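give me a 3D structure for the following:
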Amino acid sequence: VGALSSGHEPALAAADVAIPRGRSHPRLLLTAAVLPVLPDLDALLMYWVPYEAPWGHRGMSHSLLFALGLALVGSLYPRPREGILGGRRSGTLLFLWAVTASHGVLDALTDGGLGIALFAPFDHGRYFLPVTPIPVSPLGRGRRVEALGSLRSAIAWSTSKVPVAMAVIAAGGGRAQRQT
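So this is what the prediction gives:
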């Protein structure tokens, strides 16, 4: 339950703010809603791929490069007139990359697991951000009640405090920590 919906709602809020008003953008909105969820499909492989493996949960599929690949493919779906930044496909690509990459960044704010392989395949280290206030969503069978509690907490935290935390981090308020 929580693996596919653990507090990534700020990405959708960003899409709502960034997409120009006055025109309908259904393809862009749909793409911006779907792409940030796709990295967590790696949870479906947990029974076959070890968690700590490069393609394990929160590995390659959570990297900035993987987000770029998803954004490249995703940018082909919205019509250019529906794009942002003057309707150029490059603007749509940049926007979709930011929305998709936010998944790994938000997961790096959680308090559990091995960290996020943000820089894979160039660096398979797993990282957390300096602050980790979002409770990690439990994975596995029979953990739905715990996952629901984590989901509620993640939604409450991410919708109220993520913008402040990101501003502090962007201003140099902390350094990323590598988990070995």
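
show me the shaky parts of this protein.
1-24, 80-86, 139-180 (pLDDT under 70).

again, 50 this time
1-6, 143-148, 150, 161-162, 165, 168-169, 171-175 (pLDDT under 50).

may I have the helix or strand where residue 98 lies exported as PDB, CA atoms only?
Secondary structure assigned from DSSP states H and E places residue 98 in helix 89-107. Output in PDB follows, covering the C-alpha atoms of helix 89-107 (Å, rounded to 0.1, in the frame of the first residue of the first chain):
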ATOM      1  CA  ARG A  89       9.300  20.000 -25.600                       C
ATOM      2  CA  SER A  90      12.600  20.800 -23.700                       C
ATOM      3  CA  GLY A  91      10.500  22.700 -21.100                       C
ATOM      4  CA  THR A  92       8.100  19.800 -20.800                       C
ATOM      5  CA  LEU A  93      11.100  17.500 -20.400                       C
ATOM      6  CA  LEU A  94      12.700  19.600 -17.700                       C
ATOM      7  CA  PHE A  95       9.400  19.900 -15.800                       C
ATOM      8  CA  LEU A  96       8.700  16.200 -16.000                       C
ATOM      9  CA  TRP A  97      12.300  15.400 -14.900                       C
ATOM     10  CA  ALA A  98      11.900  17.600 -11.800                       C
ATOM     11  CA  VAL A  99       8.600  16.100 -10.900                       C
ATOM     12  CA  THR A 100       9.900  12.500 -11.400                       C
ATOM     13  CA  ALA A 101      13.200  13.200  -9.600                       C
ATOM     14  CA  SER A 102      11.300  14.500  -6.600                       C
ATOM     15  CA  HIS A 103      10.400  10.900  -5.800                       C
ATOM     16  CA  GLY A 104      13.900   9.900  -5.000                       C
ATOM     17  CA  VAL A 105      14.500  13.200  -3.200                       C
ATOM     18  CA  LEU A 106      11.400  12.800  -1.000                       C
ATOM     19  CA  ASP A 107      12.400   9.200  -0.300                       C
END
